[in-house]
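3D, please:
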Amino acid sequence: MTVRGDTGQRAQGSWPDRSGPGLPPGAAQTLEQTWSDPPGIIGWFAAINHKTIAKRFMVTTFIFFLLGGLLALAMRLQLAQPNLKLLSADLYNQVFTMHGSTMMFLFAVPVMQAVATYLVPLMIGARSVAFPRMNAFAWWIFTMGGIMLYAAFFLDIGPDAGWFAYVPLSGPQYSPGKRVDFWAQMITFTELSALMEAIVLITTIFKMRAPGMTLNRMPLFVWTILVTNFMVLFAMPAVMLASTALITDRLVGTHFYNPGEGGDALLWQHLFWFFGHPEVYLIFIPPLGFISSIIATFSRRPVVGYPAMVLALIATAFLAFGLWVHHMFATNLPELGKTFFTAASLMIAIPTSVQIFCWIATLWTGRINFKTPLLFVLAFFVILVLGGLTGLMLASVSLDYQLHDSFFVVAHLHYVLLGGAVFPLFGAFYYWFPKFTGRMLSERLGRWNFWLFFIGFNVAFFPMHVLGLQGMPRRVYTYPAEMGWGKLNMVATIGGSVIALSVLLFIINVLRSRRHGEVAASDPWGAGTLEWSVSSPPPMGNFKLMPVVHGRYPLWQAPADPTHVTGLANDFREVLITSVADAKVDHRLWLPSSTSWPFWAGVATTILFVGSIFTPWAVVWGAVPVAIAATMWFWPKRDMIRKRVDSEILP
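Numbering: from 1, shown residues only. Below is the predicted model:
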């Protein structure tokens, strides 16, 4: 394995070519076949390439986003006027529970990990993610968990205790039947998937960066993914523990949350919100990486204050774990303790403000190119400030007492989550769609999509602040005309319809551009990070020759020696492993080939989890097919071992 210089010359005024000098035709074809997924239907179930799995993740999460949006529209139609009966009380409880559960567990965090799974290896100069079979299994288990939840909903046994499932409402006394059990097992599915994705992404970032890409040279987007997935490792076990204790209370007869038998109902809130408030930042931090990438590209300069940006991300992660009682101010906790969480709720605005000022400085000193991705980012600034201000209001214990269960909290939640995450996410899709598909999205339709979404969002959710101040409670399926809430609810419903129209326009844009859009160059925006150095869409092995990095924005710098690494095998999946801090070459590693066993492991795990809803014996007998699938998953293939040994022996 050697490092080599680049003997090629780049055209004057163009971006440097970092794809390397290329491989002989036969070697390039072998490399592409090696990293490709098997053909046919059987091959579809055996796919493990990170780009294939990431695209499936993105499509699946977007389908859940659409389903959650339709549920939200159904709620808005029900609340558009007083005393409407479009939905019954029972169905409304299921709808608002499914809406919240879908958006929080089946869309918001998984879609961020999906985008990261696609982009991180390309951004850091790797040919794959670490543990590609685990990556595939994470998608299978996530998808099967989502299907299980919606199957229960369509069979009229969907959860109805809210996406937060507070006990004792969700306990066996007040929620008999299997509705809450399906919700609790959905938590197990989705959080298991998120934990595996976190392991995959953290390992990939730490050990598979291109030589020269020190921690100080990583793209800011990669930093956000690293920070987010460390948070996942600490936050997700809390809600998995909480849901497991809930389902054992319901199915086995334990008493974790039963005060009459020594349990504690508040234990649920502590465990759930220890996950729930960090989850807000699990959703919020990756879009900060989207924003940094988009602002740097469309202002034509590196982001100002790189060290401050990284430290702000880390500070946000630490502070996020000290805010969970922010959601429990209305409970009977000591008042002195609440003041500390009020202070933490105010302090976490500081690192976010640092990042906003760095972005403003970047835009101020750059040459701005107003394209659709940047429009979504600029809208994010406006909406985040509004959502942040209402968050500071709710951080006051006395005011929170008055607003806690009102529509004011619903408005704040959507300004922070939908406004703070979905606006940058749309910008990211417009920005990286050429890299995903090789086609450009329509700029004209994109601007219509943006303005309709921006206007519809504010028309839908800003009136909810006023409704909350007027005393309208959340989680009610109707209200009397005498309360005077009808007009503002109608305005909010109109805004929700405009949002739906905007999303429909986005779908039309994607479907139209996927087939007939302008063909994208490898770097249509003139960006500076490594993912734009390869063709659009990227080859299956990402890089023909592994790049060597000499700065934070390699494509904006003059070529420097060495430019690439040689010596990796072309006929089996071999990757380069580098040191954590300095990205110095450490060793080569063989990754496993495509297999369908992650799919079968997902099926076996699903049988175990779903079966345990009906009988505890499913945990015992269901473990047998899981063990068989796992054994076959890790069983080594003799031909691959021989090929690997030959490559290490032969000169």
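
which SS state does the residue nearest the centre of the chain fall under?
By Cα atoms, centre = their mean, the chain has its centre lying nearest to Met112, at 2.0 Å. Following DSSP: H, G, I helix; E, B strand; the rest coil, the label given to Met112 is helix.

Can you measure across stretch 410-428, start residue to end residue?
26 Å (Cα to Cα, to the nearest Å).

how distant is it from the center of its chain?
13 Å (Cα atoms, centre = their mean, to the nearest Å).

Check stretch 386-395 too.
The answer for stretch 386-395 is 24 Å, by Cα atoms, centre = their mean.

just stretch 625-634 next, same as before
Distance, centroid of stretch 625-634 to centroid of chain: 28 Å (Cα atoms, centre = their mean).

Can you give me the buried ones in that stretch?
625-626, 629-630, 633 (16 or more other Cβ atoms under 10 Å). Just so you know, the C-beta spots here come from the backbone N, C-alpha and C atoms, and that holds for glycine as well.

do stretch 490-507 as well
491-493, 495-500, 502-503, 505-506.

Name the nearest of those relative to Ala379.
Among these, Ser502 lies closest to Ala379 (Cβ to Cβ), at 12.0 Å.

The host helix or strand of the closest one: what's the following helix or strand?
Ser502 belongs to helix 486-516 when elements are defined using DSSP states H and E. Past helix 486-516, further along toward the C-terminus, the next helix or strand under DSSP H and E is strand 546-547.

Just checking: what are the partner strands of that following strand?
Using DSSP bridges, strand 546-547 pairs in its sheet with strand 564-566 (antiparallel).

In the partner strand, which residues are buried?
564-565.

One more: stretch 367-376?
371-376.

what about His587, is that helix, strand or coil?
His587 is classified as strand under three-state DSSP.

whoops, Val109 was the one
Under three-state DSSP, Val109 comes out as helix.

OK, contacts around it?
By Cβ atoms under 8 Å, 6 or more residues apart in numbering, Val109 lies in contact with 194, 232, 279, 282-283.

Against which helices or strands is the helix holding Ser502 packed?
When contacts are defined as 3 or more Cβ pairs under 8 Å, 6 or more residues apart in numbering; DSSP states H and E, helix 486-516 packs onto helix 50-79, helix 423-437, helix 443-469.

Relative to His270, which of the buried residues of stretch 367-376 is nearest.
Phe376 (36.2 Å).

check which helix or strand covers the closest one.
helix 372-394.

After that helix, which helix or strand is next? Please name it.
helix 397-403.

quick revisit: in helices only, show me the contacts of Val109.
Judged by DSSP state H, the subset of those located in helices is 194, 232, 279, 282-283.

Quick one: closest of the helices and strands packed on helix 486-516 to Met98.
Taking Cβ to Cβ, helix 50-79 is the member of those nearest to Met98, at 5.5 Å.

Phe45 against Phe599, yeah?
Yes - between Phe45 and Phe599 there is a contact under Cβ atoms under 8 Å: 4.7 Å.

how deep is Ala245 tucked in, by neighbour count?
20 (other Cβ atoms under 10 Å).

what sits against it?
254, 256-257, 267, 271.

same check, this time on Tyr430
371-373, 376, 441, 446.

Tell me, what's the model's pLDDT at it?
Listed pLDDT for Tyr430 reads 96.

Quick one: classify Val129 as helix, strand or coil.
coil.

The chain should start at 16 in everything you say after this.
Fine by me, first position is 16 from now on; the one you just mentioned is Val144.

can you pick the most crowded of the contacts of Ala260?
Neighbour max across the contacts of Ala260 (other Cβ under 10 Å) = Tyr272, 25 neighbours.

if we can go back for a sec, just put the buried residues of stretch 505-522 in TSV and tack on pLDDT and distance to Leu399.
Shown next, in TSV, are the buried residues of stretch 505-522 (pLDDT from 0 to 100; distance: Cβ to Cβ, whole Å):
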residue	pLDDT	distance to Leu399
Val506	97	23
Ala507	96	20
Thr508	96	25
Gly510	96	19
Gly511	95	21
Ser512	96	24
Val513	97	21
Ile514	96	18
Ala515	96	23
Ser517	97	19
Val518	96	20
Leu520	96	24
Phe521	97	21
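
for those residues, which one is nearest Leu418?
For those, the nearest to Leu418 is Ala507 (17.2 Å; Cβ to Cβ).

Please verify my assumption that the closest one contacts Ala475.
Yes - Ala507 lies in contact with Ala475 (Cβ under 8 Å); the separation is 5.1 Å.

Can you pull out the low-pLDDT segments for the chain?
Counting by pLDDT under 70, the ranges of the chain that qualify are 16-38, 652-666.

if I look at Ile309, how far off is Leu440?
The gap separating Ile309 from Leu440 is 11 Å, by Cβ to Cβ, to the nearest Å.

try Leu399
Counting by Cβ to Cβ, the gap from Leu399 to Leu440 is 13 Å.

what's the answer for Leu261, then?
For Leu261 relative to Leu440 (Cβ to Cβ), the value is 31 Å.

more neighbours, the two?
Neighbour totals were compared for Leu261 and Leu440, and Leu261 leads with 27 against 24 (other Cβ under 10 Å).

Apart from its neighbours in sequence, what residue is nearest the more buried one?
Ala199 (5.3 Å; Cβ to Cβ, 6 or more residues apart in numbering).

cool, Gly83 as well?
Nearest to Gly83 is Thr117, by Cβ to Cβ, 6+ apart, at 3.7 Å.

Could you do Trp374 as well?
Ile310 (5.3 Å).

And the one you found, which helix or strand is it part of?
Judged by DSSP H and E, Ile310 forms part of helix 280-314.

tilt between that helix and helix 438-452?
Orientation note: helix 280-314 sits at an angle of 60 degrees relative to helix 438-452 (axes from the mean of the first three to the mean of the last three Cα atoms, to 10 degrees).

Could I get the buried residue list for helix 280-314?
280, 283-314.

same thing with stretch 554-565?
Neighbour-count burial for stretch 554-565 [16+ other Cβ under 10 Å]: 554-565.

coming back round to it: what's the most buried one of the helices and strands packed on helix 501-531?
helix 438-452 (a mean of 24; mean count of other Cβ atoms under 10 Å).

between that helix and helix 65-94, how many degrees?
Using the same axes, to 10 degrees: helix 438-452 against helix 65-94 is 140 degrees.

Identify the residues contacting Phe405.
Just so we're on the same page, residue 405 is Thr rather than Phe. 423, 426-427, 430, 480.

ok, which pair from those residues is furthest apart?
Phe423 and Tyr430 (10.7 Å).

which residues does His565 contact?
227, 572, 575.

which phi and psi does it have?
Phi and psi for His565, reported as degrees, to the nearest 10, are phi -120, psi 0.

what's in contact with stretch 499-513?
87-88, 91-92, 94-97, 467, 470-476, 478-479, 481-482, 485, 487, 494.

State the separation between that stretch and the centre of the chain it belongs to.
Taking Cα atoms, centre = their mean, the mean C-alpha location of stretch 499-513 is offset from the chain mean by 30 Å.

Understood, closing this out.
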